[in-house]
Every structure is written in structure tokens, then in C-alpha cells.
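Chemist: Got a predicted model here, sequence first, then my questions.
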Amino acid sequence: MNTIDEYIKQYPNELQERLMIIKDTILEAEPTLKQKISWGMPTFYLKHNIIHFAVHKNHIGIYPGADAVVNFEEKLKNYKTSKGSIQIPNKQEIPVELIKQLVIFNVLND
């Protein structure tokens, strides 16, 4: 697996749709981001990593880094978080606007 699209295609259709929403949202927020697989996860970067995501059993993990999680703490109160990560449960709508804000925050602070 060498590309984000290959990563996405390995999952069932329902998850593929959710992952494509996340990918498209990230690129909509910052179209100049480069893409790679890093640590086995889809990764978007410029000079440094901006955001990653990954499929887990019951959620999709979004990894914008610790500074972004702290900065958006109030907006993330309805999600399980840990240092640098956010869990989006598989049955919950993808928070498109929040993901855009996380990307923009990280791009501006890169």
C-alpha cells in the first residue's frame, strides 16, 4: 500500500465513503497538501506532517497533533481525545467543518 487511495480501497464501501469525505475535506481546506502513507496511515504534509487519519474497529482516528487538540478542546468535547488524536465513532457524522479548521490551524502553525 503506497497511496492514500489504496489505503481507502482496502475497506468496505461504507468506510470507504467516510474516508473519502475526510480525504476530500482535508484537501478542500488546503489543496497544496502533499499525500503519503506514514506509519501505515494516510498522511498530509507540507514541510511537516499536518494531519493523519486511520481506521480502527469502532472509529476513525484523526491525528492533527497535540497543539491542535488543545486549541480546539471546546469544539472537541463531544469526542474522545487523547494527546494529538480524536476519535470519530463509525456511527457518527464526519465533522467536516471541524476537520477543515484543524487542517488550517496546522498549516498556519507549520
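Modeler: Nice, thanks for sending it over.
Chemist: What count of nearby residues applies to the closest residue to M20 other than its chain neighbours?
Modeler: Nearest in space to M20, with sequence neighbours left out and distances taken as C-beta to C-beta, 6 or more residues apart in numbering, is I8 at 6.3 Å. Every C-beta, even on glycine, is put in place using the N, C-alpha and C of the backbone. Around I8 there are 20 other residues, counting by other C-beta atoms under 10 Å.
Chemist: Which positions in the strand or helix carrying I8 come out as buried?
Modeler: Here I8 sits within helix 4-9, counting by DSSP states H and E. Counting neighbours by 16 or more other C-beta atoms under 10 Å, one finds that the buried residues in helix 4-9 are 4, 7-8.
Chemist: And stretch 15-32, by the same measure?
Modeler: Residues of stretch 15-32 classed as buried: 18-19, 22-23, 25-26, 29-30 (neighbour count, 16+ other C-beta under 10 Å).
Chemist: what's the offset of the helix holding I8 from the middle of its chain?
Modeler: Centroid separation for helix 4-9 versus its chain: 14 Å, with C-alpha atoms, centre = their mean, to the nearest Å.
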